[in-house]
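Enquirer: Quick one: sequence plus predicted model below, questions after.
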Amino acid sequence: MKLYCSPGACSLSTHIVARESGITLQLEKVDLQDKRTASGADFYQINSKGLVPALALDNGEILTEAPVIMQYLADLKPECGLVPAHGTFTRYRLQEMLGFLSSEVHKSYSPLFNPSTTDTVRSECKDRLHRHYAWLEKILARQPWLVGQRFTAADAYLFTLTNWANYFGIVLSEFIAISVFQQRVASRPHVQAALEAESLSRVAQDAAERLARAGGTAKRARAPE
């Protein structure tokens with residue numbers, strides 16, 4: 001199988017899930033500006049949406065949308081536990097979380113990538129993200145992972161999205177559990193391998209460390225309460 005991806009884009013989450021599942025994928029980078037792949041192909045001919053990730057299956061099918069690709073890959077290796085089993089209520093909790101991350105968190109970041117987005121809209125997006133992170137903070141303050149006690153595809157997705165915060169000046173220092181979560185994910189060997197393959201290892205580690213330092217400062221400041 002081949003994963004069409006762009007370094008640091010949401011496709012990183014699918015790359016992480018593949019490595020955590022022990023699935024070897026051929027990676028082909030996509031230039032999201034001119035919509036051409038590293039081999040020179042017109043990416044619109046591969047995925048008519050022009051968006052990453054896109055997964056080319058061995059039978060010629062093309063699968064798109066990060067939450068779907070993550071579930072597909074994880075289901076190929078159910079023993080890894082990256083998605084709960086079909087028919088279990090926990091599976092629906094995972095899908096609930098993936099839906100929230102996709103429709104609320106991811107799409108709140110999206111306008112920030114567009115240089116023509118007005119300052120008013122940027123401010124609204126950042127306020128919305130702050131509210132979303134406040135909700136996620138409560139979950140991660142009571143459990144290590146978004147869907148309970150083990151790492152899942154949802155965690156790979158949140159980690160990838162949150163790595164964007166620093167680029168847009170989104171301050172998350174008050175969210176202690178989020179900062180700990182980012183460090184916890186960044187320390188996983190398969191995550192480190194995915195970051196290294198996309199030439200992102202130092203960038204992501206720096207972001208996690210900055211968030212952790214800021215979170216530690218906020219925690220100390222609040223300690224007397």
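Expert: Everything's here; your move. What you are looking at is a predicted structure, and each value in this text was computed from that prediction instead of being measured.

Enquirer: can you tell me how far the nearest residue to V52 once chain neighbours are set aside sits from F175?
Expert: Nearest non-adjacent residue to V52, counting by Cβ to Cβ, 6 or more residues apart in numbering: S11, 4.2 Å away. To be clear about C-beta, it is placed using only N, CA and C from the backbone, and glycine gets the same treatment. S11 is 25 Å from F175, where distance means Cβ to Cβ, to the nearest Å.

Enquirer: Need the contact partners of the longest helix seen in the chain.
Expert: When the chain is parsed with DSSP state H, its longest helix is helix 119-142. Contacting residues not belonging to helix 119-142 are listed as 100, 104-105, 108-109, 111-112, 117, 146, 158, 165, 168-170, 172, 175-178, 180-181 [Cβ atoms under 8 Å, 6 or more residues apart in numbering].

Enquirer: Buried residues, it. List them.
Expert: C125, K126, L129, H132, Y133, L136, E137, I139, L140 (16 or more other Cβ atoms under 10 Å).

Enquirer: Check which element follows it along the chain.
Expert: As assigned by DSSP states H and E, the chain's next helix or strand after helix 119-142 is helix 153-162.

Enquirer: Output that following helix as CSV, restricted to C-alpha atoms.
Expert: C-alpha atoms of helix 153-162 as CSV (Å, rounded to 0.1, in the frame of the first residue of the first chain):
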residue,chain,number,x,y,z
ALA,A,153,-6.1,6.3,16.6
ALA,A,154,-7.8,9.3,18.2
ASP,A,155,-4.6,10.0,20.1
ALA,A,156,-2.5,10.0,17.0
TYR,A,157,-5.0,12.5,15.5
LEU,A,158,-5.0,14.9,18.4
PHE,A,159,-1.2,14.8,18.6
THR,A,160,-0.9,15.7,15.0
LEU,A,161,-3.5,18.6,15.2
THR,A,162,-2.0,20.0,18.4
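
Enquirer: by contact count, what packs against the helix or strand just after that helix?
Expert: Counting by DSSP H and E, the element after helix 153-162 in chain order, helix or strand, is helix 176-186. On a contact count with 3 or more Cβ pairs under 8 Å, 6 or more residues apart in numbering; DSSP states H and E, helix 176-186 meets helix 119-142, helix 153-162, helix 189-197, helix 201-222.

Enquirer: Next, the angle helix 153-162 makes with the third one.
Expert: Angle of helix 189-197 versus helix 153-162, following axes from the mean of the first three to the mean of the last three Cα atoms, to 10 degrees, is 40 degrees.

Enquirer: ok, and what's touching helix 189-197?
Expert: 12, 15-16, 18-20, 27, 156, 159, 185-186, 201, 203-205.
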